[in-house]
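A.B. asks: Just the structure for this:
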Amino acid sequence: MKNFVVKTIANAGALAVAVWLLDKITLTGDSTGKKVGTLILVALIFGVVNFLVKPIVKLFSLPLLILTLGLFTLVVNALMLLLTSWLADKFDLSFHVDGFWTAVLGGLIISIVSWALHMILPDGD
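C.D. replies: Residues are numbered from 1 along each chain as shown. Down below sits the predicted model:
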């Protein structure tokens, strides 16, 4: 359970950095508390998308992953971020990613920041 909480916090932090750095990834809210709550919920959605959908997409795109020596992973990460944005809209959360190239750059930022936070934060395993 501790591992799940740590990963969710790391994802929320990574999403917050992407929102801060990129103008076309937006998070709106009345107060800071509401923004933090939205970030936590979006991080949960992002975690579920990465857990359930990403392995299937990677399996079907395996030839492209091999052909591009793994660079196609950037496209897969962008698609997962766009799917998260779409699901957040369906759950009436104020998180939006505007455009594919913004999602590519946002996915790259989220991957790097999330990796760094996973190195810093304690792991429950």
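
A.B. asks: burial of residue 7, as a residue count?
C.D. replies: By other C-beta atoms under 10 Å, the residues close to residue 7 number 21. (C-beta placed from N, C-alpha, C; glycine too.)

A.B. asks: Now it: closest residue in space, sequence neighbours ignored.
C.D. replies: residue 47 (6.3 Å; C-beta to C-beta, 6 or more residues apart in numbering).

A.B. asks: any idea how far residue 106 is from the one you found?
C.D. replies: Distance, residue 47 to residue 106, by C-beta to C-beta, to the nearest Å: 16 Å.

A.B. asks: The two: which has the busier surroundings?
C.D. replies: residue 106 (28 against 17).

A.B. asks: The more buried one and residue 79 touch, don't they?
C.D. replies: No: the pair residue 106 / residue 79 is not scored as a contact, 11.6 Å apart, by C-beta atoms under 8 Å.

A.B. asks: Pull up the per-residue confidence for residue 13.
C.D. replies: Looking at residue 13, its pLDDT reads 92.

A.B. asks: Sticking with it, tell me its helix or strand.
C.D. replies: helix 2-21 (DSSP states H and E).

A.B. asks: Return the backbone torsion pair for the nearest residue to residue 94 once chain neighbours are set aside.
C.D. replies: Nearest residue to residue 94, sequence neighbours excluded (C-beta to C-beta, 6+ apart): residue 28, at 4.3 Å. Main-chain torsions, residue 28, degrees, to the nearest 10: phi -120, psi 150.
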